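Asks: here is a sequence with its predicted model. Questions after.
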Amino acid sequence: MKRKVTKAIFPVAGLGTRFLPATKSVPKEIMTLVDRPLIQYAIDEARAAGIKEFIFVTSRGKGALEDYFDTAPELENALRRSGKTALLEELKNTNMESGAIAYIRQHRPLGLGHAVWCARRLIANEPFAVILPDDVIAAEKPCLQQMTEAYAETGGCMVATMEVPPDRVSAYGILDVREDMGNMVSVQGMVEKPSSKDAPSNLAVIGRYILTPRVLQNLNRIKQGSGGEVQLTDAIAEEIHHGRDVFALRFRGQRFDCGSKAGFLQATVAFGLSREDLRDEFAQYLTEMVALQKAAQ
């Protein structure tokens, strides 16, 4: 019997160097996309998928991230006294129940596989999700919910995937496809950051995973791979080597790489335009900016 996925790992130990100097004092995960931190989008997506236990793999200097999920009695009381009930409700979405959230330290930056491995004792013998908050996905049905629904039918391991241009495959883990079934793909191999001439396809692994606990056992045995890091894709590929099912889901939605400045700006525009309270004023401003640029050329 396939078990429900109720635990999720959020690897948030990175230094966010591409966003310096902002990330000198502010963890990248709580940088705001419109008016919500990146991590809130990931948490909301996990909740929609039925996740009950949230495991953060952190590092030094992430205290503000931990504080974000704590209660803020003074602020809540001030909002209550002012009658700002809508804001008070919004604030409650950022709180976590005692015991629902755990923090594990990754003491050395040895890659995504190592970060996931750090949480092994809290996962024990259950399937689990991994969510990379840098990948923000705008979707009518949240991406991880699409995956848990598909996982209920397939079992095994599952990754989210999307097509990327050939000149971008070297930035991703790339799938070697056994059978393409439309939204679902059966995987026979995974290659971490191949050159364009060596890539088996242009289907890239995106930062959403549902994994079996055997992947953690594989990580126990894996040595450092591409870039001197412990690669999660290597541990998933080990499952394929042993004849176990690995699937990829072509999710419905638009993914933004908020680990890059350009991606963060693109996401800001897209999410800003999706907001009824901002759309008209923001769209008018963008139209005027484009017109000014064209006039200046």
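Replies: Noted; the coordinates are in hand. Numbering: from 1, shown residues only.
Asks: pLDDT weak spots in this structure?
Replies: Scanning the chain for pLDDT under 70 picks out 1-2, 98, 223-228.
Asks: run through the helices of it in chain order.
Replies: In the chain, the segments counted as helices under DSSP state H are 38-48, 63-68, 73-81, 85-92, 112-118, 120-123, 143-154, 214-221, 232-241, 261-273, 279-296.
Asks: deepest-packed of these, please.
Replies: The highest average neighbour count among those, using mean count of other C-beta atoms under 10 Å, belongs to helix 112-118 at a mean of 24. C-beta coordinates here come from the backbone N, C-alpha and C atoms, glycine included.
Asks: what is it packed up against?
Replies: Packing contacts for helix 112-118, counted by 3 or more C-beta pairs under 8 Å, 6 or more residues apart in numbering; DSSP states H and E, involve strand 7-11, strand 53-58, helix 214-221, helix 232-241.
Asks: mind redoing it with 10 Å?
Replies: Here helix 112-118 touches strand 7-11, strand 53-58, strand 101-105, strand 128-131, strand 203-211, helix 214-221, helix 232-241, going by 3 or more C-beta pairs under 10 Å, 6 or more residues apart in numbering; DSSP states H and E.
Asks: can I get those in a markdown table with distance to Val185?
Replies: Listed next are the helices and strands packed on helix 112-118 as a markdown table, based on distance: least, C-beta to C-beta, whole Å:
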| stretch | distance to Val185 |
| --- | --- |
| strand 7-11 | 22 |
| strand 53-58 | 28 |
| strand 101-105 | 31 |
| strand 128-131 | 18 |
| strand 203-211 | 7 |
| helix 214-221 | 18 |
| helix 232-241 | 13 |
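Asks: now do the most centrally placed residue in the chain against His242, distance only.
Replies: Taking C-alpha atoms, centre = their mean, the centroid of the chain lies closest to Leu132, which sits 2.4 Å from it. Distance, Leu132 to His242, using C-beta to C-beta, to the nearest Å: 25 Å.
Asks: same check, this time on Phe271
Replies: Using C-beta to C-beta, Phe271 is found at 41 Å from His242.
Asks: ok, Glu53 next?
Replies: Glu53 sits at a distance of 27 Å from His242 (criterion: C-beta to C-beta).
Asks: then Val290?
Replies: Distance of Val290 to His242, given as C-beta to C-beta: 53 Å.
Asks: and if you look at Lys62?
Replies: Look at Lys62 and His242: by C-beta to C-beta, they are 35 Å apart.
Asks: who's more crowded, these two?
Replies: Neighbour count, other C-beta atoms under 10 Å: between Lys62 and His242, Lys62 has more, with 21 against 8.
Asks: now the more buried one: closest residue in space, sequence neighbours ignored.
Replies: Sequence neighbours aside, Pro27 is the residue nearest to Lys62 in space, at 5.1 Å (criterion: C-beta to C-beta, 6 or more residues apart in numbering).
Asks: list the contacts of the one you found.
Replies: Listed by C-beta atoms under 10 Å, 6 or more residues apart in numbering, the contact set of Pro27 reads 12-16, 19, 37-39, 58-59, 61-66, 68.
Asks: before we move on, back to that, wait, the residue nearest to the centre of the chain sits on Val159?
Replies: No: look at Leu132 against Val159 with C-beta atoms under 10 Å: they stay out of range, at 11.3 Å.
Asks: now for the two: what residues contact both?
Replies: Residues within reach of Leu132 and of Val159 at once, by C-beta under 10 Å, 6+ apart, are 206-209.
Asks: top of these by neighbour count?
Replies: Arg208 (28 neighbours).
Asks: roughly how far apart are the residue nearest to that residue when sequence neighbours are not counted and Leu87?
Replies: Of all residues not flanking Arg208 in the chain, Ala160 sits nearest, at 3.9 Å (C-beta to C-beta, 6+ apart). Per C-beta to C-beta, Ala160 is found 33 Å from Leu87.
Asks: likewise Ala296?
Replies: Distance from Ala296 to Leu87, by C-beta to C-beta: 40 Å.
Asks: can you check Val205 too?
Replies: For Val205, the distance to Leu87 equals 38 Å [C-beta to C-beta].
Asks: same deal with Phe10?
Replies: According to C-beta to C-beta, Phe10 and Leu87 sit 25 Å apart.
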